[in-house]
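**Q** turn this into a structure:
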Amino acid sequence: MDSCSDKNGVYKMVGSLKKIKFLKLKSFIIATSLLFVTQFSTHSLYSKIEHIPTQIINIIKGPYHNPSIDLPIKTDQFNSPTLNYLKIDKIFKENVETNYDHKINLIGKDFFEKLFNDTIEKEIEYSDTHYTLYHGQKREFLLLQDMAENLYQIVLKKTLKDFIFLRIPDKDFKKIKSVKEFLKKSKKEMENNWNFDDQKHINKILLAVNPSLFGNNIFQGGECTFSFFINSENINYIDQIDLMEKLFKFFKISSLFKKYKENLQELVDLLSYYEPNKTGILLQILIPKKYIDNIAYRCKPFGITYHTDPIKTPASYDLEKYQKNNFSLFTSHYSIDQMQLRLLINQHFLLNPDQPSSPSERILFFRYLNETEKIKTYKEKLKNVLKKIKNDIKENNFYGEKNLFSLLYEKIKNLILIK
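**A** Have a look, this model is predicted:
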């Protein structure tokens with residue numbers, strides 16, 4: 001995993017970005033080792049909304065307004081779901097305009113300049129091969145993601161590439177291979193439960209996502225990714241220590257969980273500590289177009305299918321329109337704003353770290369959060385705990401002879417890899 005930090009915040013990424021030439025912007029220049037900024041043609045994308053005095057539009061408008069070069073894309077089709085969403089004056093003024101100004105001021109404009117430019121650029125860069133989806137969550141989930149990645153490397157002697165563990169693998173994630181199969185099996189349950197994906201066994205295998213950074217924003221937040229991210233929130237409470245216990249059990253090192261439980265609790269406390277200027281975690285997930293209909297379906301709140309026949313009207317039907325700015329085909333502004341999807345988490349795709357080598361065929365994860373004083377302390381203490389765990393495994397020979405280690409490896413591989 002590559003990471004980069006500066007005085008304004010930290011960006012942690014999983015995935016590979018092709019190098020793009022730095023461009024001089026009329027309003028400002030952003031040049032970091034991680035983020036690259038692109039400009040558009042002389043046609044102003046924001047001609048309809050440039051008069052709105054808001055933090056978000058002022059930040060985004062800078063690099064994409066009054067540009068000096070042309071890119072090989074049509075001026076009315078930016079292949080960026082976030083830009084396409086913000087172009088719609090009615091949606092922006094009613095749902096986004098000043099909702100986040102206070103938090104943006106607390107966290108800092110520089111952080112969001114980098115964030116918006118990086119996410120929007122990747123939407124465009126990968127638009128031919130991938131659909132972009134967003135998920136926002138509390139900062140506390142950083143521990144699960146960091147610990148899972150490091151234990152995978154320590155125990156299995158393998159390094160994750162372009163991958164983040166969204167769940168702790170178990171046999172439940174092997175049962176359903178595709179969205180089509182999931183929808184057929186869940187049809188009656190979905191009809192009889194208005195809060196369908198609030199149920200534990202359903203919530204476990206689904207991930208709620210938005211097709212743009214600010215979508216699903218009605219009622220000043222709704223189920224909007226950006227709202228969850230900027231406020232470090234989740235709908236449901238998750239016990240992070242319980243997750244740690246399950247994670248250590250999965251890797252067959254439960255005794256080490258007991259030994260370091262207090263240290264793990266300290267890490268959770270650091271992440272959950274109130275800091276007015278902290279964000280949650282933003283996940284930008286790029287899914288290859290060729291796989292999207294096996295992984296995603298469009299839905300209403302609580303994961304209820306949006307289309308009468310979601311098999312005949314798969315996720316790609318709506319995502320292609322959203323990406324290409326064909327909003328005239330949507331029934332209303334409300335329908336555009338409220339578009340959300342659910343991703344099926346299973347061992348074949350979102351829980352499979354062993355993906356194709358070609359970036360065009362990989363599911364790419366990019367993770368963002370800002371750096372605060374507590375995050376700095378968290379990173380230092382996490383490093384120390386991992387060092388101790390690694391030494392314990394080595395010195396105490398947890399897995400005995402090589403053949404026993406091989407059995408463990410095969411057991412874990414059967415849960416998370418495709419044969």
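**Q** okay, helices next: where are they in the stretch 251-400 of the chain?
**A** Taking DSSP state H, counting those that start in this stretch, the helices of the stretch 251-400 of the chain run over residues 254-272, 292-295, 315-323, 333-337, 373-396.
**Q** show me what the first one is packed up against.
**A** The contact analysis (3 or more CB pairs under 8 Å, 6 or more residues apart in numbering; DSSP states H and E) places helix 254-272 against helix 141-156, helix 240-250, helix 373-396. Heads up, the C-betas are built off the backbone N, CA and C, glycines and all.
**Q** give me the angle between that helix and helix 141-156.
**A** 150 degrees (axes from the mean of the first three to the mean of the last three CA atoms, to 10 degrees).
**Q** what does helix 254-272 contact?
**A** Contact with helix 254-272 is made by 138-140, 142-143, 240-241, 244-245, 248-249, 374-375, 377-378, 381-382, 385, 388-389, 392-393, as judged by CB atoms under 8 Å, 6 or more residues apart in numbering.
**Q** would you list the helices of the stretch 251-400 of the chain in CSV and tack on mean neighbour count and distance to residue 191?
**A** CSV is the format used below for the helices of the stretch 251-400 of the chain (neighbours: other CB atoms under 10 Å; distance: least, CB to CB, whole Å):
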stretch, mean neighbour count, distance to residue 191
helix 254-272, 16, 38
helix 292-295, 21, 22
helix 315-323, 20, 20
helix 333-337, 18, 22
helix 373-396, 15, 44
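**Q** out of those helices, the one nearest residue 106 is which?
**A** Distance to residue 106, taken as CB to CB, is lowest for helix 373-396 among those, at 14.2 Å.
**Q** assign residue 159 to helix, strand or coil.
**A** Of the three states, residue 159 takes coil under DSSP: H, G, I helix; E, B strand; the rest coil.
**Q** same thing with the one 5 residues further on?
**A** Going by three-state DSSP, the secondary structure assigned to residue 164 is coil.
**Q** does it touch residue 364 like I think?
**A** No: at 10.1 Å, residue 164 does not count as touching residue 364 under the criterion of CB atoms under 8 Å.
**Q** follow-up on the earlier one: what's the closest of the helices and strands packed on helix 254-272 to residue 290?
**A** Of all these, helix 141-156 comes closest under CB to CB, at 26.2 Å.
**Q** send me the following helix or strand past that closest one as PDB with only the CA atoms.
**A** For helix 141-156, the succeeding helix or strand toward the C-terminus, using DSSP states H and E, is helix 179-192. Below are the C-alpha coordinates for helix 179-192, written out as PDB (Å, rounded to 0.1, in the frame of the first residue of the first chain):
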ATOM      1  CA  VAL A 179     -26.000 -10.700  -7.600                       C
ATOM      2  CA  LYS A 180     -28.400 -12.500  -9.800                       C
ATOM      3  CA  GLU A 181     -28.300 -15.500  -7.500                       C
ATOM      4  CA  PHE A 182     -28.600 -13.300  -4.400                       C
ATOM      5  CA  LEU A 183     -31.700 -11.500  -5.700                       C
ATOM      6  CA  LYS A 184     -33.500 -14.700  -6.600                       C
ATOM      7  CA  LYS A 185     -32.800 -16.200  -3.200                       C
ATOM      8  CA  SER A 186     -33.700 -13.000  -1.400                       C
ATOM      9  CA  LYS A 187     -36.900 -12.000  -3.300                       C
ATOM     10  CA  LYS A 188     -39.400 -13.100  -0.700                       C
ATOM     11  CA  GLU A 189     -37.400 -11.900   2.200                       C
ATOM     12  CA  MET A 190     -37.000  -8.500   0.500                       C
ATOM     13  CA  GLU A 191     -40.800  -8.200  -0.100                       C
ATOM     14  CA  ASN A 192     -41.600  -9.000   3.600                       C
END
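**Q** right, so of the helices and strands packed on helix 254-272, which gets closest to residue 345?
**A** Ranking the helices and strands packed on helix 254-272 by proximity to residue 345 (CB to CB) places helix 141-156 first, at 13.6 Å.
**Q** contacting residues for the residue lying closest to residue 360 once chain neighbours are set aside?
**A** Distances taken as CB to CB, 6 or more residues apart in numbering place residue 129 nearest to residue 360, at 4.4 Å, with adjacent residues excluded. Listed by CB under 8 Å, 6+ apart, the contact partners of residue 129 are 288, 289, 360.
**Q** for the first one, give me its contacts.
**A** Taking CB under 8 Å, 6+ apart, we find residue 288 in contact with 129, 130, 360, 361, 362, 363.
**Q** any of those residues buried? List them.
**A** Buried subset of the contacts of residue 288 (neighbour count, 16 or more other CB atoms under 10 Å): 129, 130, 362, 363.
**Q** so what's the last one scoring on pLDDT?
**A** Looking back up the chat, that one is residue 363. We have a pLDDT of 95 for residue 363.
**Q** so what pairs up with the residue nearest to it when sequence neighbours are not counted in the strands?
**A** Spatial nearest neighbour of residue 363, chain neighbours left out: residue 287 (5.5 Å); criterion: CB to CB, 6+ apart. Beta-bridge pairing for residue 287 (DSSP bridges): residue 131.
**Q** quick check: the gap between residue 287 and residue 247.
**A** From residue 287 across to residue 247, the span is 25 Å (CB to CB, to the nearest Å).
**Q** which of the two has more neighbours?
**A** A count of neighbours by other CB atoms under 10 Å puts residue 287 above the other of residue 287 and residue 247, at 25 against 20.
**Q** before we move on, back to that, what is the nearest of the buried ones among the contacts of residue 288 to residue 186?
**A** The shortest approach to residue 186 among the buried ones among the contacts of residue 288 belongs to residue 363, at 22.6 Å (CB to CB).
**Q** follow-up on the earlier one: show me which of the contacts of residue 288 is closest to residue 346.
**A** When those are compared against residue 346 (criterion: CB to CB), the nearest one is residue 363, at 12.1 Å.
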